[in-house]
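Visitor: Sequence first, then the predicted structure, then my questions.
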There are 2 protein chains.
Amino acid sequence: MTSLPAASPRKVTRKDVARYAGVSDAVVSYTLNGGSSVAPATAARVREAVRLLGYTPNASARALKMGSARLIGVIVPDSSNPFFAELCQAVEAAAGPAGYEVLIVNSDDTKTRTLQHLQSLASRQVDGVLIATAVDETDVAALRAAGIRWALLNHDTSLEDALTVGMDLEAGARVATQHLVDHGYRRISFIGQAQPTDPRFRGWRSVVAQSGLEPGPTFFSPFTRAGGYVAGRELVALKERPDAVFISSDMLAVGALRAMHEAGLDVPGDLAIVSFDGSPESEYSWPSLTTIRQPVLSMGAAAVAQLTGTSPSPHDHRRFEGELVIRRSCGCSPADETAAPAL
Amino acid sequence: MTSLPAASPRKVTRKDVARYAGVSDAVVSYTLNGGSSVAPATAARVREAVRLLGYTPNASARALKMGSARLIGVIVPDSSNPFFAELCQAVEAAAGPAGYEVLIVNSDDTKTRTLQHLQSLASRQVDGVLIATAVDETDVAALRAAGIRWALLNHDTSLEDALTVGMDLEAGARVATQHLVDHGYRRISFIGQAQPTDPRFRGWRSVVAQSGLEPGPTFFSPFTRAGGYVAGRELVALKERPDAVFISSDMLAVGALRAMHEAGLDVPGDLAIVSFDGSPESEYSWPSLTTIRQPVLSMGAAAVAQLTGTSPSPHDHRRFEGELVIRRSCGCSPADETAAPAL
DNA sequence: ATGAAAGCGCTAACAT
DNA sequence: ATGTTAGCGCTTTCAT
């Protein structure tokens, strides 16, 4: 916890600018923030002084005065997970034009780190925080106590009266599974995270049941490539292999794919796959993954809108629909298979 | 650029804590920051008041007073690029324990955005900024003018007397290419970014030359999966195909792999690949990529050390070596091929 | 061991 | 149109 060695000789403040331009500090503020009217000539002099002196406003002082740092916090489990990386970028893309910067922190999905970060973000006078990690009642209590605006991002179910943005996971899973059913596969497995309450699990189960099919074996693993690999190895080792599987994230699917290749299986010939998320990686796996694309950009924008109170929707819960992206892993062999993707 | 609706009724400040604990504001500071000695009983009372009132220190006020926000800025071209995502996490991992938070911004490798972000970071009183995006002399001038500490991250060559952290790319490329030569491949191509000054290009060329080989055809594309796909399609369309290719990033390799699969080529049978970066994705492509792993964690830590002045090395330039990770794409078929990776 | 007070750089209400 | 000034919450020197 050492301090950084100082680098600059002396900071130029707004006072220096004022002196140089021969005006008062207030006029500098007026010129820069456009609050009150300033004579054009004066404004020009001020701007010139700013440029010459290389003046940079002190955001901390501004934040102290205003009670807002024009900063939005985002708590994700793991920012190097492609899905969350994309989500964070979407938030940044929406926040930037609104005049906010984005502070992203990783929770590793642990309660301790979530709480720590919440505290630290509150202390930084963030204007709001987006929670894309798991939360429970304690966290919510902390949130309320901190007195900062917050919204749940990438959550399907809403906690109490919380602002929430997320996808309808169950509906997405239904579309995915239905596509497999429509292909004529009869024994459809599920690979997902170890919580049977996952809406995607329910979606898979309900479509399988409605189609009068026997549910295929299920596999639960953490949402990682390695998790998918482990699940995939179990699946390919089965005496009676399913002919299709719905996998609830692209990362899991990529891992499972490796297990299938190693077993010498042909996908989709021996085993068809539809997965979930629509991350860039899913387009470049072999075979490319038919998947449910999450509208990451829209969700990021909606979350920022919720926080800034500019949401077009009057609802507390903005729920998005996924989109089935047809590629090769389901057996469709799309017509554009040899088309070059956009650079 | 609307403002956020206020959420909290009133902020509890250090003054409230002081009053509640029956002490002066200074004692609260002493207790919280451990500056001066405080009677144990008093300290306990203060801490109790903090807890009861739910007090959170105002970081903006602290930053204003101290001239430091305990914040490190990182400018990357694209935080959703797996390599940079990992690098950012490495920086965060090193900065956290040192008491810093990390503000990551995307430049899209454009000069305008880089300069804008530099300005904005300076204004936020960051203690230093790590530049992992392309820079030129103008940017450096701006950096010096801003008077903030900075270091180049993921740069191979040092600008003037700048602090720099990066990998020896040319050496890495040599190891990669040499591995291909050792395998006995005779016609070795290069796929990389469109700048022949790339040290990886030089590394490839020098090893090919030293081995008395004719250089295979070269392909230049942006550092994206799509870029790799385009290059790969050109490569597979060649009348006289090379028997191996060194690809200067995993993302390019993943794209090229897709082109090869679509052409029905066997990798490594028809065409062997060694790539560069060692991103998680490279382990799960099919076939898995033999690659030069960049020591991302060490580089992140070194960069933070440079910035905080706690670098163990007296040099301005901390240069790391990559490590050859043998997998399947080169033709080695490692012994552990069926071993499960760690979860 | 504790308190009083100055001042970090900025904004905005108020005065001119 | 421009200037004066109080005060945002904090740290820290200097008294006590």
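Guide: Sure thing, it's come through.
Visitor: check which helix or strand covers the one residue in the stretch 151-300 of chain A that gets nearest to DNA strand D.
Guide: For the stretch 151-300 of chain A, the nearest residue to DNA strand D under the criterion C-beta to the nearest atom of the strand is A:Ala151, separated by 24.3 Å. All C-beta spots, glycine's among them, are computed from the backbone N, C-alpha and C. Under the criterion of DSSP states H and E, A:Ala151 resides in strand A:150-153.
Visitor: roughly how far out does the helix or strand following that strand sit from the chain middle?
Guide: Once the chain leaves strand A:150-153, the next helix or strand it forms, by DSSP H and E, is strand A:164-167. Distance of strand A:164-167 from its chain centroid, counting by C-alpha atoms, centre = their mean, to the nearest Å, is 10 Å.
Visitor: Check which helices and strands strand A:164-167 is in contact with.
Guide: Here strand A:164-167 touches strand A:150-153, helix A:296-308, strand A:317-320, going by 3 or more C-beta pairs under 8 Å, 6 or more residues apart in numbering or on different chains; DSSP states H and E.
Visitor: hey, which of the ones you listed is tucked in deepest?
Guide: Of all the helices and strands packed on strand A:164-167, strand A:150-153 has the most neighbours on average by mean count of other C-beta atoms under 10 Å in any protein chain shown, namely a mean of 26.
Visitor: pLDDT on that one, on average?
Guide: Averaging pLDDT along strand A:150-153 gives 95.
Visitor: quick revisit: direction included, what does the strand holding A:Ala151 pair up with?
Guide: Partners of strand A:150-153 in the sheet, by DSSP bridges, are strand A:128-131 (parallel), strand A:164-167 (parallel).
Visitor: do you know which of those strands lies nearest DNA strand C?
Guide: Across the strands paired with strand A:150-153, closest to DNA strand C is strand A:128-131 (C-beta to the nearest atom of the strand), at 19.0 Å.
Visitor: quick one on the thing from earlier: doesn't A:Leu130 make contact with the residue of the stretch 151-300 of chain A closest to DNA strand D?
Guide: Yes: using C-beta atoms under 8 Å, A:Ala151 is in contact with A:Leu130, at 5.8 Å.
Visitor: which neighbours do the two share?
Guide: The contact sets of A:Ala151 and A:Leu130 overlap at A:Ala303, A:Leu307 (C-beta atoms under 8 Å, 6 or more residues apart in numbering or on different chains).
Visitor: If we ignore the residues flanking it in sequence, what's nearest whatever residue of the stretch 151-300 of chain A ends up closest to DNA strand C?
Guide: Among all residues of the stretch 151-300 of chain A, A:Ala151 sits closest to DNA strand C, at 25.4 Å; criterion: C-beta to the nearest atom of the strand. Using C-beta to C-beta, 6 or more residues apart in numbering or on different chains and skipping residues adjacent in sequence, the residue nearest A:Ala151 is A:Leu163, 3.8 Å away.
Visitor: Can you give me the pLDDT of the most centrally placed residue in chain A?
Guide: The residue lying closest to the centre of chain A (C-alpha atoms, centre = their mean) is A:Leu87, at 2.6 Å. The model reports A:Leu87 with a pLDDT of 98.
Visitor: separation between it and B:Gly309?
Guide: Distance check for A:Leu87 against B:Gly309: by C-beta to C-beta, to the nearest Å, it reads 35 Å.
Visitor: A:Ala95 now?
Guide: From A:Ala95 to B:Gly309 the distance is 32 Å (C-beta to C-beta).
Visitor: between the two, which one's more packed in?
Guide: Between A:Ala95 and B:Gly309, counted using other C-beta atoms under 10 Å in any protein chain shown, A:Ala95 has the larger neighbour count: 25 against 14.
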